[in-house]
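In: Provided below are the primary sequence and the corresponding predicted coordinates.
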Amino acid sequence: MTLYEHWLQIATTNATALALVDAASGQHWTFAELHARANAEPVSREPIREARGRGVDFLITALASWRDGNILCPCENQDDPIPTTLTPPANACHVKRTSGSTGAPRAVWFTDEQLAADAHQIVTTMGLRNDWPNLGIISLAHSYGFSNLVLPLLLHGIPLVLVKDALPATIKSALQSFDHVTLPAVPAMWRAWLGAGILDQRVQLAISAGAPLTLALEQAIYEQCSIKVHNFYGSTECGGIAYDRSTLPRTEPAFVGTAMDGVNLAIVNTRLEVTSPAVGLGYADGLHDPSLKGGQFLTTDHALIKRRDAVYLQGRHGESINVAGRKVSPQIIEEAILKLPTVIHAIVFGIPSKNTERVDEIVAVVHPEDGAGLNTSTEALSLPAWQRPRRWWVCEDLRPNSRGKISRSQWRERYLQHPTGR
């Protein structure tokens, strides 16, 4: 069954039910009205159709693309390139872009069946419900937003409330309009909302993805708001991988959740391999890459799998820091730094040491609260001496991007070009 055929079933079954709300304007559409508006769009025979923005027009373009058999290419920015120079696979219907947090962004082809599988796995694993509308704050164009917001709406009838921004006042106003909501977000948003004191029991299902959710933040939200934030781990190439189904805050920072419904996990040379019907066809750049093929994706994450498919991340391939022959994952150091009371964001990486015996020096870039000092004493930073950063750069420009990520490779390059890093 094609995605459009799935949509026709949903639009017919839920014709008079509320489908979409624009919180800023107050406009709303039923499933029948959304279908009628999409059906009025002119037919396009272009092979690839772009969808931009975060409003109703994005959804209309997606439906029109499914109807006309175009390949849908969601774009976050006006300058996002469309992969028109390559011949797509015959059964491709969609192209996603990776975040580029470990290198240059890449595009990935997907079929109808793969997108539908990802949506089904998310709905069943997380328990998304028709009476808990999704608040749409994260980007619709990114893999996280498309799979958690767009596909549940169009393929499963989960209503969507579009919110113009993530400012606490905006989210507070949106929450007051509904009795119960599902709120997918990224850690930086959760931190801001907690600090503003706007979270309450209207948030029936809280999800965090895009970047590591620290134990301290998760615990603070639970203690102050009685809301359990569920960590969600996935990748553009394969969709959802693992989800923390527990009802209490995690106690181990390496634990990211258990395997999603329909996802099989294995360890191959210490790296996590995902087998799932949601794994994409391959990269659109045409370069041979054995990590993505045949329904399997070999991630760049080193991991352990313990009881009942529980996933424990041990660092990312190629990112470990070599300090005098001992290797440490930068995520471990970041977790410790983010426990410091004044630190908002932090990123850690290694640079070549002038002392050849050490190989690498540990660098920490931090963004503290406005006007706050930074206490990096041994007592404040609970790390062994050899894991403590030797260089610190306080930089207020350090912020997550629209995907909730901070690129370690980009900040490493920026540091090396800065006078501090020379």
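Out: Arrived safely, thanks for sending.

In: Flag the shaky bits of the protein, pLDDT-wise.
Out: By pLDDT under 70, the weakly predicted segments of the chain are 78-86, 100-104, 324, 355-358, 371, 378, 420-422.

In: Please enumerate the helices of it.
Out: Applying DSSP state H to the chain gives helices spanning 3-13, 31-39, 56-68, 112-126, 143-145, 151-156, 168-175, 187-196, 215-225, 330-337, 408-417.

In: what sits against A38?
Out: A38 makes contact with L59, I60, L63, A64, R67, according to C-beta atoms under 8 Å, 6 or more residues apart in numbering. The C-beta positions use only the backbone N, C-alpha and C, and glycine is treated the same way.

In: For stretch 404-413, which residues meet the burial criterion?
Out: Going by neighbour count (16 or more other C-beta atoms under 10 Å), the buried part of stretch 404-413 is G404, K405, I406, S407, R408, W411, R412.

In: neighbours around the residue nearest to the fifth one when sequence neighbours are not counted, how many?
Out: I take that to be R408. Closest residue to R408 apart from its sequence neighbours, by C-beta to C-beta, 6 or more residues apart in numbering: F349 at 5.2 Å. Neighbourhood size, F349 [other C-beta atoms under 10 Å]: 23.

In: Quick check: beta-bridge partners of F349?
Out: V363 (DSSP bridges).

In: can you tell me how far Y415 sits from S99?
Out: According to C-beta to C-beta, to the nearest Å, Y415 and S99 sit 20 Å apart.

In: List the residues that contact the closest residue to A254 other than its chain neighbours.
Out: Leaving aside its sequence neighbours, A254 sits nearest to Y312 (C-beta to C-beta, 6+ apart; 4.2 Å). Contact analysis of Y312 by C-beta under 8 Å, 6+ apart lists E252, A254, F255, V256, A303, L304, I305, K306.

In: and what of S208?
Out: By C-beta under 8 Å, 6+ apart, the neighbours of S208 are P184, A185, V186, P187, W190, E218, V229, H230, N231, F232.

In: could you redo the last one with a cut-off of 6 Å?
Out: P187, W190, V229, N231 (C-beta atoms under 6 Å, 6 or more residues apart in numbering).

In: Check K327 too.
Out: Each residue near K327 by C-beta under 6 Å, 6+ apart is listed here: S320.

In: can you pull up the bridge partners for it?
Out: Per DSSP bridges, the residues bridged to K327 are N322.

In: that older thread, farthest pair within the contacts of Y312?
Out: E252 and I305 (13.9 Å; C-beta to C-beta).

In: of the two, who's got more company?
Out: Taking other C-beta under 10 Å, E252 and I305 do not tie; I305 has more neighbours (16 against 10).

In: Against P330, how distant is that one?
Out: According to C-beta to C-beta, I305 and P330 sit 22 Å apart.

In: Repeat that for L135.
Out: Counting by C-beta to C-beta - L135 and P330 are separated by 32 Å.

In: cool, L398 as well?
Out: 14 Å.

In: who has more neighbours, the two?
Out: Neighbours were counted for L398 and for P330 using other C-beta under 10 Å; P330 has more, 24 against 18.

In: which residue packs closest to the more buried one, ignoring adjacent ones?
Out: Spatial nearest neighbour of P330, excluding adjacent residues (C-beta to C-beta, 6+ apart): V348 at 4.0 Å.

In: Counting neighbours, what do you get for that neighbour?
Out: Neighbourhood size, V348 [other C-beta under 10 Å]: 26.

In: Equivalent analysis for T247, please.
Out: For T247, the neighbour count with other C-beta under 10 Å is 8.

In: what is Y243 paired to in the beta sheet?
Out: According to DSSP bridges, beta-bridge pairing links Y243 with F232, T258.

In: That one is in contact with G257, isn't it?
Out: Yes - using C-beta atoms under 6 Å, Y243 is in contact with G257, at 4.4 Å.

In: quick one, what contacts the residue nearest the centre of the chain?
Out: Centroid-nearest residue in the chain: G210, 2.9 Å away (criterion: C-alpha atoms, centre = their mean). Contact analysis of G210 by C-beta under 6 Å, 6+ apart lists Y144, V186, R403, G404, K405.

In: Distance of it relative to E369?
Out: Going from G210 to E369 by C-beta to C-beta gives 22 Å.
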